[in-house]
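A.B. asks: Pasting a predicted model and its sequence here:
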Amino acid sequence: MRRVVVLLLWTCVAGAATARGEDSACAPVEIAPRLPPTRERVRAYTPVFDLCAKEGASRLAIRRMNVDGTPLLLTVDPQSLQTSLERAACWRCEETSDAAQAKTRYLQALHPPDDPTRPPALVNAGLIHGAGGGAFLTGDLCPTRKPLDRAFFEKLAAQGQHTPVTLAVSGAWLQRHHADFAWLREKERTGALAIAWANHSYSHPYVSRLPDQRNYLLRRGVDLDREIFETEKLIIAEGETPSVFFRFPGLVADAALLEGLRTRHLVALGADGWLALGLRPRPGSIVLVHPNGNEPVGLRLFSRLIETGAMPLPLRPVNDAP
């Protein structure tokens with residue numbers, strides 16, 4: 001009888017988050033969205049940096065949480081940079097450090113060598129150009145009441161199955177656009193697109209006419225942890241997995257913000273191909289558009305570059321960039 005009770009209890013807990021591959025209780029988990037979605041499903045959300053092992057595999061855990069009663073980890077493959085949600089009970093974890101993981105590709109992306117050709121700048125902080133050829137397409141979903149430009153994504157999907165795109169999501173956009181987010185998830189589920197979900201802060205603060213050094217996340221009183229974690233919680237509650245990439249609003253940051261981001265083990269993502277600003281992409285460019293309805297000129301330019309063959313191809317996943 002006791003064994004039956006234990007099994008029933010485990011079934012109830014495991015049912016909160018449905019595993020990919022139901023034959024394995026320790027498979028990566030997939031959170032089933034609810035209506036209305038709420039980040040309150042994600043509790044006890046804590047930054048960690050642990051080295052975790054399971055059956056010969058190892059990953060780095062950067063967050064611990066409880067989702068619908070199930071203890072989970074947000075983990076990173078230290079070589080591929082791929083993130084996944086894992087059941088905490090299935091892994092043996094112990095605290096590690098940046099120094100101990102310094103030789104991994106992940107930590108090298110977090111702490112890139114100084115580039116003497118790049119002067120210190122307030123604007124365009126982080127990784128602005130990727131390794132190799134092709135291009136890395138990124139789209140920012142800043143807060144807006146305008147609908148998602150679905151026609152852009154349909155054209156993008158026409159490039160071929162699993163076309164990669166990185167979407168930097170702000171929490172305030174996500175709270176207003178549940179249907180658009182679900183539509184994007186369906187494009188991903190069917191294989192039309194391969195989406196990496198970057199963090200674009202929660203509130204995306206901005207005041208027109210304020211200078212950059214007092215604007216965006218540099219405004220007085222901004223809580224960087226809240227901007228990071230509340231967005232991650234929303235992405236998870238909506239059924240997706242945050243990547244290790246974070247794009248500063250306006251691409252604006254200072255040394256203190258960059259260091260704060262690194263302590264949370266996120267890679268700053270800039271761009272050297274913001275199309276609406278007239279920046280022409282070249283091989284390895286991180287291309288930036290805004291498919292949130294706010295910047296249609298960038299989307300038109302992207303289509304023109306594709307049609308004329310001026311866009312470096314292939315489009316590549318952002319995990320290949322660092």
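C.D. replies: Good, I have the coordinates.
A.B. asks: in the stretch 201-322 of the chain, which spans are strands?
C.D. replies: 242-246, 267-268, 273-274, 285-289 (DSSP state E, counting those that start in this stretch).
A.B. asks: okay if I get those strands as JSON lines plus distance to residue 141 and mean neighbour count?
C.D. replies: Glycine gets a C-beta too; all of them are placed from N, C-alpha and C. Formatted as JSON lines, these follow (distance: least, C-beta to C-beta, whole Å; neighbours: other C-beta atoms under 10 Å):
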{"stretch": "strand 242-246", "distance to residue 141": "14", "mean neighbour count": "25"}
{"stretch": "strand 267-268", "distance to residue 141": "18", "mean neighbour count": "23"}
{"stretch": "strand 273-274", "distance to residue 141": "15", "mean neighbour count": "24"}
{"stretch": "strand 285-289", "distance to residue 141": "11", "mean neighbour count": "26"}
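A.B. asks: Between those, which one is closest to residue 113.
C.D. replies: strand 267-268 (14.3 Å; C-beta to C-beta).
A.B. asks: Can you list the helices and strands that that closest one packs against?
C.D. replies: strand 242-246 (3 or more C-beta pairs under 8 Å, 6 or more residues apart in numbering; DSSP states H and E).
A.B. asks: of the strands of the stretch 201-322 of the chain, which approaches residue 136 most closely?
C.D. replies: Once the strands of the stretch 201-322 of the chain are compared by C-beta to C-beta, strand 285-289 is nearest, at 4.7 Å.
A.B. asks: Please enumerate residues in contact with whichever strand in the chain runs longest?
C.D. replies: Using DSSP state E, we find that the single longest strand of the chain is strand 42-54. For strand 42-54, the surrounding residues in contact (C-beta atoms under 8 Å, 6 or more residues apart in numbering) are 26, 58-67, 73, 75, 86, 90-98, 100-101, 225, 229, 232-233, 236-237, 264-265.
A.B. asks: Who does that strand pair with, and is each partner parallel or antiparallel?
C.D. replies: strand 57-67 (antiparallel), strand 92-95 (antiparallel) (DSSP bridges).
A.B. asks: which element follows the first one toward the C-terminus?
C.D. replies: This points to strand 57-67. strand 70-76 (DSSP states H and E).
A.B. asks: what is the mean pLDDT for that next one?
C.D. replies: The average pLDDT within strand 70-76 is 97.
A.B. asks: how about it: buried residues?
C.D. replies: 70, 72, 73, 74, 75, 76 (16 or more other C-beta atoms under 10 Å).
A.B. asks: which SS state does residue 116 fall under?
C.D. replies: coil (DSSP: H, G, I helix; E, B strand; the rest coil).
A.B. asks: The residue lying closest to residue 251 once chain neighbours are set aside: how many residues sit nearby?
C.D. replies: With sequence-adjacent residues excluded and distances taken as C-beta to C-beta, 6 or more residues apart in numbering, residue 251 is closest to residue 124, at 4.7 Å. Residue 124 is flanked by 20 other residues according to other C-beta atoms under 10 Å.
A.B. asks: While we're on residue 124, how confident is the model there?
C.D. replies: Note on residue 124: pLDDT of 87.
A.B. asks: Now do the contacts for the residue positioned nearest the centre of the chain.
C.D. replies: Geometric centre of the chain, nearest residue: residue 198, 2.1 Å, by C-alpha atoms, centre = their mean. Neighbour list for residue 198: 138, 166, 167, 168, 169, 242, 243, 245, 246, 247, 269, 318 [criterion: C-beta under 8 Å, 6+ apart].
A.B. asks: Redo the residues you listed as JSON lines? Include pLDDT and distance to residue 54.
C.D. replies: What follows is those, written out as JSON lines (pLDDT from 0 to 100; distance: C-beta to C-beta, whole Å):
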{"residue": "138", "pLDDT": "98", "distance to residue 54": "32"}
{"residue": "166", "pLDDT": "98", "distance to residue 54": "28"}
{"residue": "167", "pLDDT": "98", "distance to residue 54": "30"}
{"residue": "168", "pLDDT": "98", "distance to residue 54": "31"}
{"residue": "169", "pLDDT": "98", "distance to residue 54": "29"}
{"residue": "242", "pLDDT": "98", "distance to residue 54": "21"}
{"residue": "243", "pLDDT": "98", "distance to residue 54": "21"}
{"residue": "245", "pLDDT": "98", "distance to residue 54": "25"}
{"residue": "246", "pLDDT": "98", "distance to residue 54": "27"}
{"residue": "247", "pLDDT": "98", "distance to residue 54": "31"}
{"residue": "269", "pLDDT": "97", "distance to residue 54": "29"}
{"residue": "318", "pLDDT": "98", "distance to residue 54": "26"}
